[in-house]
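*Asks:* For reference, the sequence and a predicted model appear below.
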There are 2 protein chains.
Amino acid sequence: MDITDVWTELAIPGRRIVYLIMDGLGGLADADSGRTALDAADTPNLDELARDSSCGLLEMVGPGITPGSGPGHLALFGYDPLRWRIGRGVLSALGIDFPLEPGDLAARVNFATLDDAGNITDRRAGRIPTDLNRRLCDKIASAVQLDFDGTLFFEPESEHRALLVLRGEGLSDDLPDTDPQATGRPPVDMTPNSDAAEKSAALVADFLEQAHAALADESPANGLLLRGFQRHEPLPGLEERFGLRGLCLAEYPMYRGLARLLGMEVAPKPDGIDGLFDAAEQRLGDDFDFFFLHVKGTDSAGEDGDLARKADVIEAVDHQLPRLLALRPDVLVITGDHSTPATMASHSWHPVPVLLHARHARRGSAERFDETACLAGALGLRRGVDLMGLALGHAGRLNKFGA
Amino acid sequence: MDITDVWTELAIPGRRIVYLIMDGLGGLADADSGRTALDAADTPNLDELARDSSCGLLEMVGPGITPGSGPGHLALFGYDPLRWRIGRGVLSALGIDFPLEPGDLAARVNFATLDDAGNITDRRAGRIPTDLNRRLCDKIASAVQLDFDGTLFFEPESEHRALLVLRGEGLSDDLPDTDPQATGRPPVDMTPNSDAAEKSAALVADFLEQAHAALADESPANGLLLRGFQRHEPLPGLEERFGLRGLCLAEYPMYRGLARLLGMEVAPKPDGIDGLFDAAEQRLGDDFDFFFLHVKGTDSAGEDGDLARKADVIEAVDHQLPRLLALRPDVLVITGDHSTPATMASHSWHPVPVLLHARHARRGSAERFDETACLAGALGLRRGVDLMGLALGHAGRLNKFGA
């Protein structure tokens, strides 16, 4: 039992909540300009909204811990990421609309390039085109014959990414990644982490042997790297936990998959930032309690180390923001799922600015929406998982606790 | 084990602590004036004290969670309200000086008005006078004969409120409220929440049937609504946990009851705010370690949506404050048990300003005592339950942790 269970206990119907998540929003100041992407962006609408909102900073997983996108979003949705762990395999499966069933063992696959000695020379096989990926997946799926009472699925995602799913009784996910996260060495051997995973490890090893044989004459994608093995255990959804029927407006597979995992309805893919706000205008009147709007560009620009482009994405969102405000959401939250400082070109552990706008939101002293100004906001610096409770409270969705 | 148990482990004798609790102190800015009641009140003494204190904000139960008065005060006294849950029935019993014994099953009673079809038309029976309440309680207590090896108590509180206590072996509190918290429908049936509560549910159902028969010819109070069933399990007191022998100066029953529950001595009821400070002058020299002074008017005004009156109550306290300061309390804490914004006319989830004045209190940047200024205080935004540890620390009442 943690505080999120208390919200479950207290949940009642109430007003509607909108999350606008800019992936990897938080940043660090660039050494030359002294500005983060949020500072550098011209954001009159976000800044005005911040002055009329409760602002703060969210630490998604814990002090010093860099969140993946899955845990970052789980925290935002009120699922303590230390309690609810989701592997990349399961997220990938959900992201390509693969109909995962309870007990399925899923793993994320990269096509890779191996040299004659079996060492990895490219962990992404030169980011092969998705068409080639599809052909190779078909080739593997028809070549491999596993000796077990179950089913193998091998499905393409995009570029070099694919999905492995084994469906059968008694599978275990206590398996190592075969991706060593480095080149110049061979894939990691598939040896089980525990006795309970011996059967699964043997199956996966057999699969890899047959798949590598089938790929032997291919170039550059002549190898497979597996990671994030997970046996799928369904999570209680947002409706079960907090009484929220949710709608997801997101373009990228992983976020769509995560939303589906939590029982949200997933709208058709919006096209870019304009398309996202178009979709918001079309769907925010629909009969849902919770709307999850996701912007990927902030994270992609951060990952590329491109502070100016990240600022451009933020400006584009700011420019569209009045369209969302015109819909008068009862509770509007704007934040990110983690920081992706362009100065680091990677996810980071730094807390993420957050803004909560609602009728009964207490104003603090944040005069802008950025990493520094939000320190003076009424929400303070707090755990990412707190956000859902705050949103529920401001939406009038939590009963009083005790007499 | 939580952090409060570490305080128990480290507790030693030390200096004295005074809590001045203004019930429902926290607020929100009024849309017209832009001011909370604390902002609007002229509080030169509180503001001067804030500049010479550690200030901050307390979140009593958790993010987004609106505390009842019981959990709010438990947090202030160092009892995590998620761990120590007290039902309204037990608090009510303590508040009217009812000598509750371990194992007693207590519930809060409202006299209500039912129409001919048995539907509730007034959940408080027009707030009947306390004299009528007394007569009806006597009538019920003498009319009802329960077939069990135990004792029934039915005691008046004030207006429409009364107390039901069953004393006997094997009683369970896994019972529903019969108060549906709405009019136009009948009371909720007394069906047990679990098998273990079957006997108790049958007893309560029998009581309700006989009591309603006894009230059949009464108007407007011809029905009873029960809520907050709780079997009384004594809590470890403030002395056992933190070495604090406490004295309570409070006018309202619930707060006196809660103090008694935690083993405090409860002084005669002070008469209003002047009377509270009179009592403080008379009693602060007595041999106690902890003094709990309670002001109810801030909450009542907030509940009535009357920001000006709430500000008046705060000003009245501010006006008396020099009398308390003249007694030179070693550690003086001023805060509330939750927010009651007049703009919401109800308790709310918003953190409560707090001020801790002591010889070794570190000063922050709070220039006034209000919701915004306290964001810049040295205590930060933190859990309500943290307060007792800070008070104990500043009172020199906690040993060093480790060597």
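*Replies:* The structure has been received and is ready for your questions.

*Asks:* list the contacts for A:L258?
*Replies:* By Cβ atoms under 8 Å, 6 or more residues apart in numbering or on different chains, A:L258 lies in contact with A:70, A:73-74, A:86, A:91, A:94-95. Glycine gets a C-beta too; all of them are placed from N, C-alpha and C.

*Asks:* What number of residues are in the vicinity of the residue in the stretch 301-403 of chain A positioned nearest to chain B?
*Replies:* The stretch 301-403 of chain A approaches chain B most closely through A:G393 (2.7 Å), counting by Cβ to the nearest Cβ. By other Cβ atoms under 10 Å in any protein chain shown, the residues close to A:G393 number 25.

*Asks:* Does anything pack onto the helix or strand harbouring it? Which helices or strands?
*Replies:* A:G393 belongs to helix A:386-394 when elements are defined using DSSP states H and E. Packing contacts for helix A:386-394, counted by 3 or more Cβ pairs under 8 Å, 6 or more residues apart in numbering or on different chains; DSSP states H and E, involve helix A:3-10, strand A:17-22, strand A:54-59, helix A:69-76, strand A:331-335, strand A:352-358.

*Asks:* Near A:K310, how many residues? Count them for me, please.
*Replies:* Number of residues near A:K310 (other Cβ under 10 Å) recorded here: 30.

*Asks:* Let me see the backbone angles for it.
*Replies:* phi -60, psi -40 (degrees, to the nearest 10).

*Asks:* ok, it - contacts?
*Replies:* Contacts of A:K310 by Cβ under 8 Å, 6+ apart are A:27, A:37, A:297-298, A:301-302, A:340, A:342.

*Asks:* Quick check: which element contains the nearest residue to A:P234 once chain neighbours are set aside?
*Replies:* Once flanking residues are discounted, A:P234 sits nearest to A:P102: 5.7 Å by Cβ to Cβ, 6 or more residues apart in numbering or on different chains. A:P102 is part of no helix or strand when elements are defined by DSSP H and E.

*Asks:* Run a quick neighbour tally on A:P102.
*Replies:* Per other Cβ under 10 Å, the neighbour tally for A:P102 reads 8.

*Asks:* For the helix or strand of chain A with the lowest mean pLDDT, which helices and strands make contact with it?
*Replies:* The weakest-scoring helix or strand in chain A, judged by mean pLDDT, DSSP states H and E, is helix A:88-95 (a mean of 80). When contacts are defined as 3+ Cβ pairs under 8 Å, 6+ apart, helix A:88-95 packs onto strand A:105-114, strand A:161-167, strand A:223-231, helix A:253-261.

*Asks:* and the stretch 151-300 of chain A, which of its residues are near chain B?
*Replies:* Within the stretch 151-300 of chain A, no position is near chain B by Cβ under 8 Å from any Cβ of the partner chain.

*Asks:* All the helices of the stretch 151-300 of chain A, residue numbers only.
*Replies:* Ranges of helices in the stretch 151-300 of chain A, per DSSP state H, counting those that start in this stretch, are A:198-215, A:238-242, A:253-261, A:272-283, A:297-303.

*Asks:* what does the shortest one contact?
*Replies:* By that I understand helix A:238-242. With contact meaning Cβ under 8 Å, 6+ apart, helix A:238-242 is reached by A:4, A:7-8, A:11, A:77-78, A:244-246, A:262-264, A:290, A:388, A:392, A:397.

*Asks:* List the contacts of the residue of the stretch 301-403 of chain A closest to chain B.
*Replies:* Contacts of A:G393 were listed using Cβ under 8 Å, 6+ apart, and they are B:63-66, B:348-349.

*Asks:* check these against chain A, which are close?
*Replies:* Applying Cβ under 8 Å from any Cβ to those, those adjacent to chain A are B:63-66, B:348-349.

*Asks:* Between these, which sits nearest chain A?
*Replies:* Nearest to chain A among these, with distances taken as Cβ to the nearest Cβ, is B:G64, at 2.7 Å.

*Asks:* If you drop the residues flanking it in sequence, what lies closest to that closest one?
*Replies:* In space, and not counting its chain neighbours, B:G64 is closest to A:G393: 2.7 Å by Cβ to Cβ, 6+ apart.

*Asks:* pLDDT score assigned to the one you found?
*Replies:* pLDDT, A:G393: 98.

*Asks:* Please determine how far it is located from A:L379.
*Replies:* For A:G393, the distance to A:L379 (Cβ to Cβ, to the nearest Å) stands at 12 Å.

*Asks:* Can I get the ones next to chain A among the contacts of A:G393 in JSON lines including secondary structure?
*Replies:* Formatted as JSON lines, the ones next to chain A among the contacts of A:G393 follow (DSSP: H, G, I helix; E, B strand; the rest coil):
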{"residue": "B:P63", "secondary structure": "coil"}
{"residue": "B:G64", "secondary structure": "coil"}
{"residue": "B:I65", "secondary structure": "coil"}
{"residue": "B:T66", "secondary structure": "coil"}
{"residue": "B:S348", "secondary structure": "strand"}
{"residue": "B:W349", "secondary structure": "coil"}
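
*Asks:* Which two of these have the greatest separation?
*Replies:* Using Cβ to Cβ, the ones next to chain A among the contacts of A:G393 span at most 12.6 Å, a distance reached by B:P63 and B:S348.

*Asks:* so who does the residue nearest to A:P234 touch?
*Replies:* By Cβ under 8 Å, 6+ apart, the residues touching A:P102 are A:232-234.

*Asks:* Separate out the buried members of those residues.
*Replies:* A:H232 (16 or more other Cβ atoms under 10 Å in any protein chain shown).

*Asks:* Tell me, how many residues neighbour A:S92?
*Replies:* With other Cβ under 10 Å as criterion, A:S92 counts 27.

*Asks:* out of the helices and strands packed on helix A:88-95, nearest to A:F207?
*Replies:* That would be strand A:161-167 among the helices and strands packed on helix A:88-95, by Cβ to Cβ, at 7.3 Å.

*Asks:* Could you list the paired strands of the closest one along with their orientation?
*Replies:* strand A:105-114 (antiparallel), strand A:151-156 (antiparallel) (DSSP bridges).

*Asks:* Mean pLDDT added to the helices and strands packed on helix A:88-95, as CSV?
*Replies:* Listed next are these as CSV, based on pLDDT from 0 to 100:
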stretch, mean pLDDT
strand A:105-114, 95
strand A:161-167, 95
strand A:223-231, 94
helix A:253-261, 89
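
*Asks:* With distance to B:L136 added, can I get these in TSV?
*Replies:* Formatted as TSV, the helices and strands packed on helix A:88-95 follow (distance: least, Cβ to Cβ, whole Å):
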stretch	distance to B:L136
strand A:105-114	66
strand A:161-167	67
strand A:223-231	62
helix A:253-261	56
